[in-house]
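**Student:** Just the structure for this:
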Amino acid sequence: MEGLKKIVLMIFMFLVYSRVKGRSMIFQDYVLAVANSIAREPIPSPPPPQVSMAPTP
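**Tutor:** Below you'll find the predicted structure:
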């Protein structure tokens, strides 16, 4: 997984430097959000809500 993170970060840095003139700020913001979500440690998903299995009267 570390290799994938390095590749993603390299692509991210390349995109940032290529977009430094602000030609596509929306795309840069999208790449920034994706890179942050991938580079960040995976957040454990909360357990599903407990469904009451009590028999209905």
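
**Student:** Would you tell me which helix is longest in the chain?
**Tutor:** In the chain, assigned by DSSP state H, the helix with the most residues is helix 2-18.

**Student:** neighbours around Asn36, how many?
**Tutor:** Asn36: 10 surrounding residues under other CB atoms under 10 Å. Yep, even glycine has a C-beta here, placed from its N, CA and C like the rest.

**Student:** where are the low-confidence patches of the protein?
**Tutor:** Scanning the chain with the threshold set as pLDDT under 70 gives 1, 18-26, 39-57.

**Student:** Now do the helix or strand hosting Tyr30 against helix 2-18, angle only.
**Tutor:** Assigned by DSSP states H and E, Tyr30 falls within helix 25-39. In terms of direction (axes from the mean of the first three to the mean of the last three CA atoms, to 10 degrees), helix 25-39 departs from helix 2-18 by 160 degrees.

**Student:** Let's see helix 25-39 as PDB, backbone CA atoms only.
**Tutor:** The C-alpha trace of helix 25-39 is given here as PDB (Å, rounded to 0.1, in the frame of the first residue of the first chain):
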ATOM      1  CA  MET A  25      -8.600  25.500 -10.000                       C
ATOM      2  CA  ILE A  26     -11.700  23.300  -9.700                       C
ATOM      3  CA  PHE A  27      -9.700  20.300 -11.000                       C
ATOM      4  CA  GLN A  28      -6.800  21.100  -8.700                       C
ATOM      5  CA  ASP A  29      -9.200  21.300  -5.700                       C
ATOM      6  CA  TYR A  30     -10.700  17.900  -6.700                       C
ATOM      7  CA  VAL A  31      -7.200  16.300  -7.000                       C
ATOM      8  CA  LEU A  32      -6.200  17.900  -3.600                       C
ATOM      9  CA  ALA A  33      -9.300  16.400  -1.900                       C
ATOM     10  CA  VAL A  34      -8.700  12.900  -3.500                       C
ATOM     11  CA  ALA A  35      -5.000  12.900  -2.600                       C
ATOM     12  CA  ASN A  36      -5.700  13.900   1.000                       C
ATOM     13  CA  SER A  37      -8.400  11.200   1.300                       C
ATOM     14  CA  ILE A  38      -6.000   8.600  -0.100                       C
ATOM     15  CA  ALA A  39      -2.800   9.800   1.800                       C
END
